[in-house]
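Asks: would you be able to build a 3D model of this:
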Amino acid sequence: MAKQQKEDYIHKDSGVDGQYKAWFLDYASYVILERAVPAIEDGLKPVQRRILHAMKEMDDGRFNKVANIIGQTMQYHPHGDMSIGDALVNLGQKDLLIETQGNWGDVRTGDDAAASRYIEARLSKFALEVAFNNKTTDWALSYDGRKNEPVTLPMKFPLLLAQGAEGIAVGLATKILPHNFCELIDASIKCLKGRKFEIFPDFQTGGTVDVSNYNEGKRGGKIRVRSVIEEQDKKTLVIKNVPYGVTTSTLMESIVKANDQGKIKIKKVTDHTAADVEVIIELAAGISPDITIDALYAFTDCEVSISPNACVIVKDKPQFLGVTELLKIATENTKELLRKELEIKLGELQEKWHYTSLEKIFFEEKIYKELEKKHETWEKVLQAIDKAFEPFKKQLRREISREDIIKLTEKPVRRIYRLDIDELNEQIKGLEADIKQVKHDLANLVDFAVAYYENLLKKFGKGRERKTEIRLFDTIQAKQVAIANTKLYVNYADGFIGTSLKKDELIAEVSDFDDIIAFTKGGIMKVVKVSDKVFIGKDIIYVAVFQKNDERTTYNMIYVDGKSGVSYAKRFNVTGVTRDKEYNLAKSEDKNKVHYFSANANGEAEVVKIVLSPNCSARIKELDFYFEELEIKGRGSIGNIATKYPVKSVKFKEAGKSTLDAKKLWFDNKFGRLNSEEKGEYLGKFEAEDRILVIYNDGNYEITDQELTQRFDAEKILLMEKFNPDKIISAVYLDNEKFQYNIKRFKIETTTLHTKFFFIKEGKDNRLETVTTDAEPVLMVQSGRGQMVRSAKFKVVKLVDYCFLYLSGSNLLSTGLQEPAIIFPLTYINVSFNRIIFSFNAAAESNCPVST
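Replies: Residues are numbered from 1 along each chain as shown. Modelled structure (predicted):
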């Protein structure tokens, strides 16, 4: 009995299992095909397609209440008004297919749209042009069988790439990013012409995007999107836009969270967003704006990574395709739809030509009089008319059908004027011209499609230029920008360091991302993460924050070897280590003792006094040791013998100079960063006290230090070089009010760091054109355009007497002026200093000599 029950249970379970598999597959297929993933043909999900179809049915040129549109759509979509309303608002916010009226919410702030009874919508002119044509649409019955709905809309535009799409189905998801309207049209034209093209995402919210790993929108690709953050002053930052998918509310929450976690330090963040996004961040006292900007990108939603995953429905199956393939398919689909429309139009024109020709013959040859004759039946009348057409059938392009004759007999027969015949002749000529044009378009379909796209761009492209700037992003190291928000303590004797040892000696404030390097009296080195408490070793002698790959910090050490008793001196760098591993810096494994240790940030080599044991046999018991005589080696080096005698003590005697070469710096104009990795423009060798001069195109200059965390707007920089206060600045700037170019020469006398100083005339649209620090530069000026370009060269010399230079053709005039400037008319299209082509002359006279 029990055995039978068990077999019945197993049988029953197998049936449920089988049903579950079938139901689950049906459900998964339904969600994929009917809910979450767009179709390749029109780029729409079913709910979006049904909304547009319902709006087309309602379209009379006026706005309709969204509540009414939802009701109309429910005839086709069986999933309730909430899903329809959300999809409709989403379509409206994309500002492409639907014109909106009322409060439709804001994708930047996350504000919701008003209730559907308060807002209105209608199809845009663009949607009416590209998305609808009943003659080329395939139809199917709606879910209840009462109405017909489109299987897909005849979309003559790459809508899927323009709008983007996102959806989660069962077992797969899709995420297609929006692209720029104008760029898609340009790419489609290139595709039709067989040229190469590239397309990248563009977002309504603006910002900047790094597409170096986009991978054509396929799985495995990634883009990085950033807000634009501007430095209003040294205490205030302004966020000008939000990344795609981020709202000002979530952005501010992420900033507050990062501040609470100690990753950034701010006083206040406020949202002043109105027509444009404006989030104001007030910095805490003493906090660097540049480091804070980096920290905002590293720790908040000011930068987000987006992983695309382009999945679409192709022939009732999901497929993963790249954006290039999607655009090619969309372009080919558009070309095919245009071909169908032309063929339909050709058929209609030919049909109209056929009937108009019949009508002309019917009246011109008086065949209509057959209606006045007495025939036995109506059928005989039709046969008589058909027979009367017999001599003229060769003029026609197809057979005359019974329906044609019936239609002719229904024409009102009245007195026929010659004018009527002439009008029919004109209609036939017009139809023949139209037929010829359509046939030409069919024969040159690619050119016709190109013209179609160009017309779209002309009609609808204005105001749809790229909003998101494409640029390469630098990689921000979190540990370099994290705020030092934790205090680190050390117990030298017991050998512990950590943040919880608050009764012991404070070393420094550190961040959670920092590594700590420590050295002990026994010659052991160890690098550890910041933690509550960690053991290094007895008798710690030095603790500091460790900087990986730091080739300038040099450690000077004298130790006694525990085995031989010989004292060694060494200089070494520590560029890379394994965290938590003990490194022995001495020759022997144990009983070593460090007599002297120093850490030097710039490779300084001091002088120390070695005092030997009074009981040793050495005649001289004190000697000076010069570290500069030692070569800097790796941490594993034994070192040079300092003395073979027992050492009583080693004491610092005299500070030394750096033995390292001056630091070499480069400026990477891709990222606006200083670096020592040979990226970008070489600036020169810098000692610790050297400064950098930066001159901007808005007429400001700034003196700054060598800190690598600084950010510069490379597009605004005209000159960056090692600062020399003795150099003379020669600058040409535009005085827009007077429509003239001025040149001035001056020395920089300010020494304040990180402060901008304005040095050109104030005025709207005034700007710096070019600048140099060459001692005797030659200024080259070009005027005119095309073949009318004229050039002249000027020696820019000391302006002892104020001078005015005016170029008229090839004549140069000199006269007095009341300000230190040389002035040129605004007709000059290019102004640039050129020291390579032209020679320099040292002569400088009071009347400002000119060389041409």
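
Asks: looks to me like M82 is in a strand.
Replies: No. Secondary structure of M82 (DSSP: H, G, I helix; E, B strand; the rest coil): helix, not part of a strand.

Asks: how about residues contacting stretch 337-344?
Replies: The contact list for stretch 337-344 (CB atoms under 8 Å, 6 or more residues apart in numbering) reads 133, 135-136, 154-156, 438, 441-442, 445, 448-449, 452. Just so you know, the C-beta spots here come from the backbone N, C-alpha and C atoms, and that holds for glycine as well.

Asks: now for these, which pair is the farthest apart?
Replies: Spatially, the most separated pair among the contacts of stretch 337-344 is M155 and V438, at 22.1 Å (CB to CB).

Asks: and these two? which has more neighbours close in?
Replies: More crowded of M155 and V438, by other CB atoms under 10 Å: M155, with 25 against 21.

Asks: wasn't that one part of a helix?
Replies: No. Secondary structure of M155 (three-state DSSP): coil, not part of a helix.

Asks: so what's the nearest residue to it once chain neighbours are set aside up against?
Replies: Excluding the flanking residues, the one nearest M155 by CB to CB, 6 or more residues apart in numbering is D42, at 3.9 Å. Residues in contact with D42 (CB under 8 Å, 6+ apart) are R49, A131, T152, L153, P154, M155, L159, L160.

Asks: lowest average confidence, helix or strand, in the protein?
Replies: strand 811-816 (a mean of 31; mean pLDDT, DSSP states H and E).

Asks: was I right to think T553 contacts V545?
Replies: No. If you go by CB atoms under 8 Å, T553 and V545 don't touch, sitting 10.6 Å apart.

Asks: picking up where we left off before, what about burial for the contacts of stretch 337-344, which qualify?
Replies: Among the contacts of stretch 337-344, the ones that count as buried by 16 or more other CB atoms under 10 Å are N133, T136, P154, M155, K156, V438, D441, F448, A449, Y452.

Asks: tell me which strands the helix or strand containing F625 pairs with, and in which orientation.
Replies: Under the criterion of DSSP states H and E, F625 resides in strand 622-626. Sheet pairing for strand 622-626, assigned by DSSP bridges, gives strand 607-612 (antiparallel).

Asks: grab the nearest non-local neighbour of R464.
Replies: F181 (4.0 Å).

Asks: what number of residues lie near that neighbour?
Replies: Using other CB under 10 Å: F181 sits among 24 other residues.

Asks: and it, what is it in contact with?
Replies: Per CB under 8 Å, 6+ apart, neighbours of F181: L96, A162, F460, G461, R464.

Asks: give me the number of residues near the last one?
Replies: Which is R464. Using other CB under 10 Å, the number of residues around R464 comes to 19.

Asks: wait, isn't it in contact with E183?
Replies: No. In this structure R464 lies outside contact range of E183 using CB under 8 Å: 9.5 Å.

Asks: from C311, how far out is the residue nearest the centre of the chain?
Replies: Central residue check for the chain by CA atoms, centre = their mean: the C-alpha nearest the mean position is that of V209, 1.3 Å away. V209 is 21 Å from C311, where distance means CB to CB, to the nearest Å.

Asks: next SSE after the longest helix seen in the chain?
Replies: Criterion DSSP state H: the longest helix present in the chain is helix 323-364. The C-terminal neighbour of helix 323-364 among helices and strands, as given by DSSP H and E, is helix 378-388.

Asks: just the mean pLDDT for that following helix, thanks.
Replies: Averaged over helix 378-388, pLDDT sits at 79.

Asks: tell me the angle of that helix relative to helix 323-364?
Replies: Here helix 378-388 runs at an angle of 100 degrees relative to helix 323-364 (axes from the mean of the first three to the mean of the last three CA atoms, to 10 degrees).

Asks: please save the CA atoms from whatever helix or strand comes next after helix 378-388 in PDB.
Replies: Sequence order places helix 402-409 as the next helix or strand after helix 378-388, per DSSP H and E. In PDB, the C-alpha atoms belonging to helix 402-409 read as follows (Å, rounded to 0.1, in the frame of the first residue of the first chain):
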ATOM      1  CA  ARG A 402     -15.500  45.900 -66.000                       C
ATOM      2  CA  GLU A 403     -15.100  48.100 -63.000                       C
ATOM      3  CA  ASP A 404     -13.400  50.800 -65.100                       C
ATOM      4  CA  ILE A 405     -16.400  50.900 -67.500                       C
ATOM      5  CA  ILE A 406     -18.900  51.000 -64.700                       C
ATOM      6  CA  LYS A 407     -17.000  53.900 -63.100                       C
ATOM      7  CA  LEU A 408     -17.100  55.800 -66.400                       C
ATOM      8  CA  THR A 409     -20.800  55.300 -66.800                       C
END
